[in-house]
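Trainee: take this sequence and fold it.
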Amino acid sequence: MNHKNKNLLSDIPKAAQVVGAGVTAFLVYLLLQGGATFNHTIPVPKPVVKVQTNTKMTLSPLTLTAVNTQNHFTLNGNVPSEAVKLSIDNELRATFGESHFTNNLTVSDQVKPAKWLDHLKGFFDFFKIPGAELTAHGDVLTLSGTAISLKEPLTAFVGEGTTVKALDIASNVNTANTNALSALDGLSVNSDTQSILDAMNMQIINFASGSAQIPAINQTVLKKAAILLQGKTNGFEIAGHADNIGNEANNIKLSEARAKAVRDFLIKQQVPASNMTAKGYGSSVPVASNDTETGRLKNRRIEYKLNQ
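Mentor: Numbers count the residues shown, from 1 in each chain. Predicted structure coming up:
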């Protein structure tokens, strides 16, 4: 090794000492400055919380009732827009004349448009017959009164996407009473009174006009219910209701007679008389519009209510 290289090697420790001293001095300086460099906090990104919003509104089906009473057409219900209401109003005016219709429709943006609304031109011509009745629920049109015979031509007129039905009271009554019997079959003597009354409320007692005689099919339902009620101590009311046809005083009298007829029948089936009261309400508590035969059928009813 030559002399020059020896000098370089001998200088390395000295250089290291100088560098080390410099680093040490720098660190001391930083500490004296408050250690800001070493206390630097690395920002942690905040988690992104996604708030899910349900922007899709659930729309209700359009509901509408219409009836032609002595050549005056009355419309009640709701439609999805002012434009639809105006279109209907124009068609009613063209069909019945300015003073022969009443448009009571309300507008709601929560109502789903119905497909049959695309066929308004000429639609109300089907209901120019006095006594014609229409109930619409979404894309289902139910005809009653003198409009029952129009099922086939109206079906062809509105086309696909709309169901047209004719009110069949006998079928509705049979279905309701079958459902009541099925519900009672699912109960036992250990079932609570409210469950039994709920099943009884499923039936339709379709009394003959002006009569309080219980039809045979309803007697079958009441006999089955009576077996379940015989050992109960809870009190309940048998409430008779009527539609608004005729004199209200007579409706109250008839609805009470029908409620008493049901009570008397249940007493004969060994249901304790002290558990039951009977009252007639006439047409004062409707559950549907009396403008149509469908609504009136629903309003002519017997209800069973547990005493509170």
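
Trainee: tell me how the chain divides into domains.
Mentor: Domain assignment for the chain by automatic domain parsing gives 1-38, 60-166, 170-306.

Trainee: now the helices for the chain?
Mentor: 3-32, 82-96, 151-158, 169-185, 193-200, 216-229, 248-268, 293-299 (DSSP state H).

Trainee: now do residue 116, the pLDDT please.
Mentor: At residue 116, the predicted lDDT confidence score is 96.

Trainee: contacting residues for it?
Mentor: 123, 136, 139, 141, 158, 161-162 (CB atoms under 8 Å, 6 or more residues apart in numbering). In this view, the C-beta of every residue, glycine as well, is placed from N, C-alpha and C.

Trainee: so which of those residues wins on neighbours?
Mentor: residue 141 (24 neighbours; other CB atoms under 10 Å).

Trainee: the residue positioned nearest the centre of the chain and residue 113: what is the separation?
Mentor: The centroid of the chain falls nearest to residue 60 when counting by CA atoms, centre = their mean (7.9 Å). Per CB to CB, to the nearest Å, residue 60 is found 11 Å from residue 113.

Trainee: that older thread, dump the helices of the chain to TSV, plus distance to residue 128 and mean pLDDT.
Mentor: Below are the helices of the chain laid out as TSV (distance: least, CB to CB, whole Å; pLDDT from 0 to 100):
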stretch	distance to residue 128	mean pLDDT
helix 3-32	98	51
helix 82-96	7	95
helix 151-158	13	96
helix 169-185	24	93
helix 193-200	42	97
helix 216-229	37	96
helix 248-268	30	96
helix 293-299	18	85
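
Trainee: which stretch among these approaches residue 67 most closely?
Mentor: helix 293-299 (8.9 Å; CB to CB).

Trainee: what are the contacting residues of the closest one?
Mentor: Contacts to helix 293-299, defined as CB under 8 Å, 6+ apart, come from residues 65, 133, 135, 142, 144-145, 167, 169, 172, 204, 206, 241-245, 283, 286-290.

Trainee: among the residues you listed, name the ones in strands.
Mentor: Those of the contacts of helix 293-299 mapping onto strands are 65, 133, 135, 142, 144-145, per DSSP state E.

Trainee: show me which of those residues is closest to residue 84.
Mentor: Each of those was scored against residue 84 by CB to CB, and residue 65 proved nearest at 16.2 Å.

Trainee: as JSON lines, the ones in strands among the contacts of helix 293-299 with pLDDT would be great.
Mentor: Rendered in JSON lines, the data for those read as follows (pLDDT from 0 to 100):
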{"residue": "65", "pLDDT": "90"}
{"residue": "133", "pLDDT": "91"}
{"residue": "135", "pLDDT": "91"}
{"residue": "142", "pLDDT": "93"}
{"residue": "144", "pLDDT": "89"}
{"residue": "145", "pLDDT": "86"}
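
Trainee: from the residues you listed, list just the buried residues.
Mentor: The neighbour count (16 or more other CB atoms under 10 Å) marks 65, 133, 135, 142, 144-145 as buried among those.

Trainee: now tabulate the residues you listed in CSV and tack on distance to residue 83.
Mentor: Shown next, in CSV, are those (distance: CB to CB, whole Å):
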residue, distance to residue 83
65, 21
133, 26
135, 23
142, 25
144, 29
145, 29
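
Trainee: ok so, going back, distance of the residue nearest to the centre of the chain from residue 123?
Mentor: Distance from residue 60 to residue 123, by CB to CB: 22 Å.

Trainee: same question, residue 277
Mentor: In this view, residue 277 and residue 123 are 48 Å apart by CB to CB.

Trainee: perfect, that will be all.
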